[in-house]
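Asker: Quick one, what's the 3D model for this:
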Amino acid sequence: MNTSVRIKLSFMMFLEFFIWGAWFVTLGNFLPNNLQATDLEISNVFSTQSWGAIIAPFIIGLIADKYFNAERILGILHLIGAFLMYQMHRAPDVGVFYPYVLAYMILYMPTLALVNSVSFRQMANPEKSFSGIRVFGTIGWIVAGLTISFLAWDSKEGIAQGLLSNTFLMAAGASLVLGLFSFTLPKTPPIKRISTEKSSISEILGLDAVKLLNNRNFLVFFISSILICIPLAFYYQLTNRFLSEVGMENATGKMAIGQISEAFFLLLLPVFFTRFGFKKTIMVGMLAWVIRYVLFAYGNAGELTFMLLVGIALHGICYDFFFVSGQIYTDAKAGEKYKSSAQGLITLATYGVGQLIGFWVAGYVSEYYLGLREESISGFWQHVWLIPAGIAVIVLLIFLSLFKDEKVGKEAVQAQTP
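Answerer: Numbering: from 1, shown residues only. Sure thing, here's the model as predicted:
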């Protein structure tokens, strides 16, 4: 890969995740403060990510993979996304906001696969080259969070003045840039298939890999993956709002510690995985969810600020040790024939079904304890955070008791990690 192409792909990844981090992290804070949304309305908005993840395979598998260059459809989707972001910025209430965010997430979620497709097609050895490109996506997310806090949009004064709406303008601008820039990316036409090769809808959605569920271990892992996404949804939906309400300054910028941690532990994962095996690695990831939410429940923005910061920093273990380990395990169990279908099935189960359930559970829990907010904001959040901690404990116990330890090939580990 020549230097020019590497720079273009790195900039593409930077913008792709800068856009997402520019508005999604603070969304849980924006909705109640700017649009006076209720907890259940907030859940409804966050659920659009899951609907986007469910619909995305149809857009990629049935349209992009067959008829259009990946870079062109990437550009078109981001140009439309820029318009939708601007409309979200202007929305006066959640009723007007919702159709725009739903349309946006249906169009944005496919771009996550498209940027990977554009990148992979330029690489002779994706296993070695991709991580060096993908890391710029993590940097983009971090820069977005730091920018929001640097401009004080997430400060108490900024929130009171409604400045969080500017995050959508920032995302719209970045989406416009990426939309135009995409047309300069290396040409990535659809792969011509042999006339007898046809992708069925079941293959595109990963349903061809359902037969893997006949394996008891994979079934336990599959169910655990769905269930652990419930605590994950709590983090995405409530953390920024929680940190702001308990008085942490520059909350959005400090949440970027989670992405730094994610990049760091991704490098450690192969060592841990090889030494301790899949079961222990994934259990450490589950345990990290429990510890994180207990820290959130009993920490504060005063003398116990370190507990909140450690909870944020645990994101690397929470995400990498469970989700990346799960991708490695799925890759190893599927075999050559069902690799793509199996990964599609896990993605549909986690980002689609699992988080869809999780966002609604988070909304119902925060709505249930709403009366405590008037008495004590810290007491309210303590009750809220202990729920996902308890769910993570249950998932951990299910996995511990039902999953039988087994070895995963080194080839799968090397293929899924830097």
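
Asker: How about the contacts made by Met283?
Answerer: Each residue near Met283 by CB atoms under 8 Å, 6 or more residues apart in numbering is listed here: Leu396, Phe399, Leu400. (C-beta placed from N, C-alpha, C; glycine too.)

Asker: and the gap between it and Ala334?
Answerer: 22 Å (CB to CB, to the nearest Å).

Asker: cool, Phe46 as well?
Answerer: For Phe46, the distance to Ala334 equals 30 Å [CB to CB].

Asker: of those two, who's got more company?
Answerer: Neighbour count, other CB atoms under 10 Å: between Phe46 and Ala334, Phe46 has more, with 26 against 22.

Asker: tell me the SS of that one?
Answerer: helix (DSSP: H, G, I helix; E, B strand; the rest coil).

Asker: now it: how far from Val310?
Answerer: Distance check for Phe46 against Val310: by CB to CB, it reads 25 Å.

Asker: now swap in Leu356 and tell me
Answerer: The gap separating Leu356 from Val310 is 29 Å, by CB to CB.

Asker: The two: which is more packed in?
Answerer: Leu356 (22 against 15).

Asker: And the residue nearest to Phe403 when sequence neighbours are not counted, which helix or strand is it part of?
Answerer: The shortest distance from Phe403 to any non-neighbouring residue, by CB to CB, 6 or more residues apart in numbering, is to Val220 (4.7 Å). Counting by DSSP states H and E, the element that carries Val220 is helix 216-245.

Asker: quick one: buried residues of that helix?
Answerer: In terms of neighbour count (16 or more other CB atoms under 10 Å), helix 216-245 has its buried residues at 217-218, 220-245.

Asker: How confident was the prediction at Val115?
Answerer: We have a pLDDT of 89 for Val115.

Asker: Count residues in the vicinity of it, would you?
Answerer: Neighbour count of Val115, defined by other CB under 10 Å: 24.

Asker: Assign a three-state SS to it, would you?
Answerer: Under the three-state scheme (three-state DSSP), Val115 adopts helix.

Asker: Can you tell me, leaving aside adjacent residues, what's nearest to it?
Answerer: Glu16 is the one closest to Val115 (CB to CB, 6+ apart), at 5.0 Å.

Asker: Hmm, the one you found is touching Leu178, no?
Answerer: Yes. Glu16 is within contact range of Leu178, at 6.7 Å (criterion: CB atoms under 8 Å).

Asker: Spatially central residue in this protein, please.
Answerer: Nearest to the mean C-alpha position of the chain, by CA atoms, centre = their mean, lies Tyr351 at 7.5 Å.

Asker: In terms of helices and strands, where is the nearest residue to that one once chain neighbours are set aside?
Answerer: Nearest residue to Tyr351, sequence neighbours excluded (CB to CB, 6+ apart): Ala53, at 3.9 Å. Element membership for Ala53, per DSSP H and E: helix 39-59.

Asker: Now that helix: average pLDDT?
Answerer: 89.

Asker: The residue lying closest to Ile228 once chain neighbours are set aside: neighbouring residues, count only.
Answerer: With sequence-adjacent residues excluded and distances taken as CB to CB, 6+ apart, Ile228 is closest to Val395, at 5.1 Å. Using other CB under 10 Å, Val395 has 24 other residues around it.

Asker: Surely Val395 and Ser225 touch.
Answerer: No. Contact criterion CB under 8 Å: Val395 and Ser225 do not qualify, at 9.3 Å.

Asker: which secondary element of the chain has the worst mean pLDDT?
Answerer: When each helix and strand of the chain is scored by mean pLDDT, DSSP states H and E, helix 410-416 comes last, with a mean of 51.

Asker: separation between Tyr100 and Ile76?
Answerer: According to CB to CB, Tyr100 and Ile76 sit 17 Å apart.

Asker: and what of Ile159?
Answerer: Separation of Ile159 from Ile76 (CB to CB) stands at 34 Å.

Asker: quick one, the helix holding Ala53 and helix 216-245 angle?
Answerer: When axes from the mean of the first three to the mean of the last three CA atoms, to 10 degrees is applied, the directions of helix 39-59 and helix 216-245 differ by 130 degrees.

Asker: elements contacting helix 39-59?
Answerer: Helix 39-59 sits against helix 27-34, helix 94-120, helix 201-204, helix 216-245, helix 355-368, with contacts defined as 3 or more CB pairs under 8 Å, 6 or more residues apart in numbering; DSSP states H and E.
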